[in-house]
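Novice: After the sequence you'll find the predicted model.
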Amino acid sequence: MKQKENLKTIVFCTQVYFLDAAIEYIRLLAAEGYKTHVLIELSPNQLKANILNIDTDLNKFPALTSFEKVVEEWKLEYLSPYFENCISVNFVVYPTKKLWKTRAVSKELEKHISKIQPDFIHLDDFSSRTLFNLPFFFFRRKKMIANIHDPLTHTGEFEWQRELYRKVWFNLIDKFVVFSEFSEKILKPQLRKSKKVIVSRLMPYTIYKSFLPTGKSNSKDYISFVGRISPYKGIELFVGAFDGLILKHPDVKFYIGGKSINGYNPDFLNVKSKNVTIENKFLSNVEMATIISNSKLVVCPYKDATQSGVIMTAYALGCPVLVTNTGGLPEYTLHNETGIIAKDGTQECIENTIDDFLTHQKAQQLLENVNQIQYSNQFEEINKTKIEELYKS
């Protein structure tokens with residue numbers, strides 16, 4: 001691709017846990033002509049996280065491992081279209097938790113960034129490893145931008161270490177990106193008034209289409225919840241609606257799939273019914289993509305939320321969503337077009353909303369809407385404007 005004139009050089013540093021969202025932004029950034037250099041933090045416990053499924057020993061690879069050199073060995077061909085206009089894509093390999101090794105990798109990272117001489121260094125949120133680069137980034141702080149995916153810790157998931165190093169970075173960096181207007185309201189009080197916060201938009205996670213089994217038709221049988229099972233997700237409200245809904249709609253099928261976080265063992269995981277399937281396990285990308293594509297509705301009954309990757313995955317796979325009127329969820333849902341916004345987060349409201357969905361046979365119209373409305377194009381156009389604003393000198 002011919003680069004547009006006078007556009008900036010960007011180093012975009014992301015983490016595996018955000019990769020499904022990050023590659024959509026990277027693709028757009030590079031397509032807009034920005035000279036994009038991508039760095040993906042990778043450690044042994046991340047080899048099979050998010051959209052990766054790599055079998056390898058990271059001790060065999062250098063600190064900066066080029067995507068092009070491992071794309072075939074690590075079977076990453078499905079990611080290539082997202083990186084085709086980038087100048088470079090490298091994994092930052094941390095093969096061990098040993099401090100001396102982490103520091104050595106951090107030094108190589110600093111040399112790599114210095115050689116590029118970027119106009120901006122864009123961090124996709126923070127990890128504990130980035131603290132090793134604190135002195136390096138301190139002297140480049142005017143070039144620093146940071147994404148903040150969750151400005152407020154979710155109920156039941158507080159980590160003091162995370163909060164501590166966030167406070168360090170909040171003082172250092174002047175420009176931040178969040179992904180909902182709700183997140184903007186939460187983040188701003190945590191920052192000095194001189195800091196700038198820009199609201200960008202998540203785009204549908206199209207990568208999950210590549211995980212769908214070929215040659216299989218989608219049944220659209222289920223009303224589903226997928227994702228990490230955690231207190232803030234409000235899954236008990238969804239489950240509590242089952243009995244009443246089954247009485248009115250005897251053929252309805254419910255599905256819950258995902259791994260519960262450590263120490264969380266709710267009673268609803270033991271519900272037994274011919275209408276209900278519950279799988280308390282880590283879902284592979286193929287399993288998650290398959291169940292969503294076989295669902296007529298994906299339910300997000302969250303008690304608190306900034307935004308949701310599940311919504312963007314559902315849209316990419318052509319499935320409407322039901323969300324509670326909490327946090328940033330309504331910002332990503334066109335009521336009665338791409339999904340349904342429950343008036344409140346009570347069990348009664350969720351039950352009534354699903355009952356209305358089934359009684360009035362809304363599934364077909366919403367499914368058609370999700371597949372027809374170019375939601376990804378809408379968010380792309382918003383993000384093109386945000387990108388110009390973000391990388392101004």
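Specialist: Noted; the coordinates are in hand.

Novice: Keeping just the C-alphas, turn the lowest-mean-pLDDT helix or strand in the chain into PDB.
Specialist: In the chain, no helix or strand scores lower on mean pLDDT, DSSP states H and E than helix 160-172, which sits at a mean of 77. Extracted as PDB, the C-alpha positions of helix 160-172 are listed here (Å, rounded to 0.1, in the frame of the first residue of the first chain):
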ATOM      1  CA  TRP A 160      -4.200  -4.300  44.100                       C
ATOM      2  CA  GLN A 161      -1.100  -4.800  41.900                       C
ATOM      3  CA  ARG A 162      -3.000  -3.700  38.800                       C
ATOM      4  CA  GLU A 163      -4.400  -0.600  40.600                       C
ATOM      5  CA  LEU A 164      -0.900   0.300  41.800                       C
ATOM      6  CA  TYR A 165       0.800   0.300  38.400                       C
ATOM      7  CA  ARG A 166      -2.100   2.000  36.800                       C
ATOM      8  CA  LYS A 167      -1.700   4.900  39.200                       C
ATOM      9  CA  VAL A 168       1.900   5.200  38.100                       C
ATOM     10  CA  TRP A 169       1.000   5.300  34.400                       C
ATOM     11  CA  PHE A 170      -1.900   7.700  35.000                       C
ATOM     12  CA  ASN A 171       0.600  10.300  36.200                       C
ATOM     13  CA  LEU A 172       3.000   9.800  33.400                       C
END
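
Novice: Return the distance of the next helix or strand after it from the chain's centre.
Specialist: With elements assigned by DSSP states H and E, the helix or strand that comes after helix 160-172 is strand 175-178. Computed by Cα atoms, centre = their mean, to the nearest Å, the chain-centroid distance of strand 175-178 equals 16 Å.

Novice: Give me the helices and strands touching the least confident helix or strand of the chain, please.
Specialist: helix 134-138 (3 or more Cβ pairs under 8 Å, 6 or more residues apart in numbering; DSSP states H and E). Yep, even glycine has a C-beta here, placed from its N, CA and C like the rest.

Novice: Please tell me how far the next helix or strand after the helix it packs on is from the chain's geometric centre.
Specialist: Next along the chain after helix 134-138, taking DSSP H and E as the criterion, comes strand 144-147. Between the centre of strand 144-147 and the centre of its chain there are 17 Å (Cα atoms, centre = their mean).

Novice: With stretch 178-187 instead?
Specialist: Worked out by Cα atoms, centre = their mean, stretch 178-187 lies 15 Å from the chain centre.

Novice: gap between the closest residue to residue 119 other than its chain neighbours and residue 142?
Specialist: Leaving aside its chain neighbours, residue 119 sits nearest to residue 8 (3.9 Å; criterion: Cβ to Cβ, 6 or more residues apart in numbering). Note on residue 8: its distance to residue 142, by Cβ to Cβ, to the nearest Å, is 13 Å.

Novice: again with residue 27
Specialist: Counting by Cβ to Cβ, the gap from residue 27 to residue 142 is 27 Å.

Novice: the more surrounded of the two?
Specialist: residue 27 (20 against 10; other Cβ atoms under 10 Å).

Novice: before we move on, what SS does that one have?
Specialist: On the three-state scheme (DSSP: H, G, I helix; E, B strand; the rest coil), residue 27 is labelled helix.

Novice: how about it, what does it touch?
Specialist: Residues in contact with residue 27 (Cβ atoms under 8 Å, 6 or more residues apart in numbering) are 81-83, 85.

Novice: same thing but at 7 Å, please
Specialist: Contacts for residue 27 were tallied using Cβ atoms under 7 Å, 6 or more residues apart in numbering; they are residue 82.

Novice: Give me the local confidence score for it.
Specialist: In this model, residue 27 is scored at 97, pLDDT.

Novice: that older thread, would you agree the residue nearest to residue 119 is in contact with residue 120?
Specialist: Yes - using Cβ atoms under 7 Å, residue 8 and residue 120 qualify as a contacting pair, with a distance of 6.2 Å.

Novice: Settle it for me: which of these two has more neighbours?
Specialist: Just comparing residue 8 and residue 120: by other Cβ under 10 Å the higher neighbour count belongs to residue 120, 20 against 17.

Novice: Tell me who's in contact with that one.
Specialist: 8, 10, 143, 145, 391.
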